[in-house]
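> generate a structure from the sequence data that follows.
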Amino acid sequence: MALKMLLVRVDLAGISFVLGVTEETVLAWLRRAAHQAEAVNQHLLRALPVTQVQLDEMWNFIARKHACETDAGGESLPDSEEGRQWVWISFAPEFRLMIAAIVGPRTLDTAQEVVSVTKARVAGIPACFSDGFTCSLAALIAAFHVVTTFARTGKRGRPRKPRCEPHPDLVYGQLVTQKKQGKLRTLSTRVVLGAERLTSLGHTISTALVERVNLTLRQALAPLTRKTASFCKHRERLRQRVVFFQAFYNVARPHMSLRQPLPLHERTHHGAIRPRWLERTPALAAGVTDHVWTFRELLTAKFEPLDSQSISG
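Presented below is the predicted three-dimensional model:
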């Protein structure tokens, strides 16, 4: 019950009051649930057949909005436990699947971590779309690149150093917004890499669905609510909540846009209810599970070591 309440925007104080347990007990349950969620993500999110990925980061803070020590851009230091901490999401829109969810400052290192996790969980090189954050391009090239070497010419002088170039199959587009006094003024798209392949794939540069996931997170987790007193005091606590929600969202939370109509002969009455739809989760749509998981399954699923099983499980 406590873990379910954490996923519907109930804060620790509320859970402690309703269930009659201490906040330390709830945090201990959360720690175990997050560890289980990491195992679920590690074993299910492998070789995903996605063709596009939307990247975005959502502002939040820990302990206080402005850290005592920041970098030149006002962001918290990498090991800081206060100030700005962003929730980074890597999202597959075709399956409504959250591929990666990372908590960290808005820096190149965190961007590289998100792209690295995404690369490890997808098959091939999907088309990537994000906002106008400058570090996203460098992070993508660091993950998807080819190294060009040059043969020695026999002439005097130093030989040319190997050059790192974007992979020929990498497609990257940006959705750039310009605001003035907090109001949106212009919205434009920019093809950064792979214009020809983007045209052949038929994708549209957009981050609308990952932005919608940001709203889902803010509606589900109390520390992410706007103007709240339920903010996290430690980064690890926020990371545990985000990872736990990611696993729940992927395998145990049916998504309305993924449901399919039931055949007429299967629309049997269950009491006063006659179901018309076959509910599906993002993991079920992506083919990594064969049914909608129950909450108990999410918390108790056991897996064999990765080195002793195939990708299909």
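> remind me what the longest strand anywhere in the chain packs against, helices and strands.
If you go by DSSP state E, the chain has its longest strand at strand 183-193. Applying 3 or more CB pairs under 8 Å, 6 or more residues apart in numbering; DSSP states H and E, we find strand 183-193 packed against helix 135-143, strand 172-180. Bear in mind the C-beta positions are built from the backbone N, C-alpha and C, glycine included.
> format those as JSON lines; extra columns: mean pLDDT, mean neighbour count and distance to Leu30.
JSON lines is the format used below for the helices and strands packed on strand 183-193 (pLDDT from 0 to 100; neighbours: other CB atoms under 10 Å; distance: least, CB to CB, whole Å):
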{"stretch": "helix 135-143", "mean pLDDT": "93", "mean neighbour count": "19", "distance to Leu30": "29"}
{"stretch": "strand 172-180", "mean pLDDT": "88", "mean neighbour count": "16", "distance to Leu30": "34"}
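> would you turn the ones you listed into a markdown table with distance to Arg267?
As requested, the helices and strands packed on strand 183-193 are arranged in a markdown table below (distance: least, CB to CB, whole Å):
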| stretch | distance to Arg267 |
| --- | --- |
| helix 135-143 | 46 |
| strand 172-180 | 41 |
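> what's the closest of these to Glu211?
strand 172-180 (9.5 Å; CB to CB).
> which residues touch the closest one?
127-132, 136-137, 140, 184-194, 198, 205-207 (CB atoms under 8 Å, 6 or more residues apart in numbering).
> mind redoing it with 6 Å?
Contacts to strand 172-180, defined as CB atoms under 6 Å, 6 or more residues apart in numbering, come from residues 128-129, 131-132, 140, 185-193, 205, 207.
> ranges for the strands of the chain?
Secondary structure of the chain, counting by DSSP E: strands at 52-58, 61-62, 83-84, 86-92, 97-104, 127-130, 145-148, 163-166, 172-180, 183-193, 260-261, 277-278.
> would you convert those strands into JSON lines that also reports distance to Glu24?
Output for the strands of the chain, formatted as JSON lines (distance: least, CB to CB, whole Å):
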{"stretch": "strand 52-58", "distance to Glu24": "28"}
{"stretch": "strand 61-62", "distance to Glu24": "19"}
{"stretch": "strand 83-84", "distance to Glu24": "25"}
{"stretch": "strand 86-92", "distance to Glu24": "24"}
{"stretch": "strand 97-104", "distance to Glu24": "21"}
{"stretch": "strand 127-130", "distance to Glu24": "39"}
{"stretch": "strand 145-148", "distance to Glu24": "46"}
{"stretch": "strand 163-166", "distance to Glu24": "48"}
{"stretch": "strand 172-180", "distance to Glu24": "42"}
{"stretch": "strand 183-193", "distance to Glu24": "43"}
{"stretch": "strand 260-261", "distance to Glu24": "44"}
{"stretch": "strand 277-278", "distance to Glu24": "42"}
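> which of these comes out lowest on mean pLDDT?
Of all the strands of the chain, the minimum mean pLDDT falls on strand 83-84 (a mean of 82).
> what's that strand in contact with?
For strand 83-84, using CB under 6 Å, 6+ apart, the contacting residues are Phe61, His66, Ala67, Glu75, Ser76.
> could you find the closest non-adjacent residue to the first one?
Think Phe61. If the residues on either side of it in the chain are set aside, Phe61 comes closest to Arg84, at 5.6 Å by CB to CB, 6 or more residues apart in numbering.
> coming back round to it: so which of the contacts of strand 172-180 comes closest to Leu262?
Nearest member of the contacts of strand 172-180 to Leu262, counting by CB to CB, is Thr207, at 32.9 Å.
> show me what contacts that closest one?
Contacts were defined as CB under 6 Å, 6+ apart; by that measure Thr207 touches Gln54, Asp56, Phe129, Leu175.
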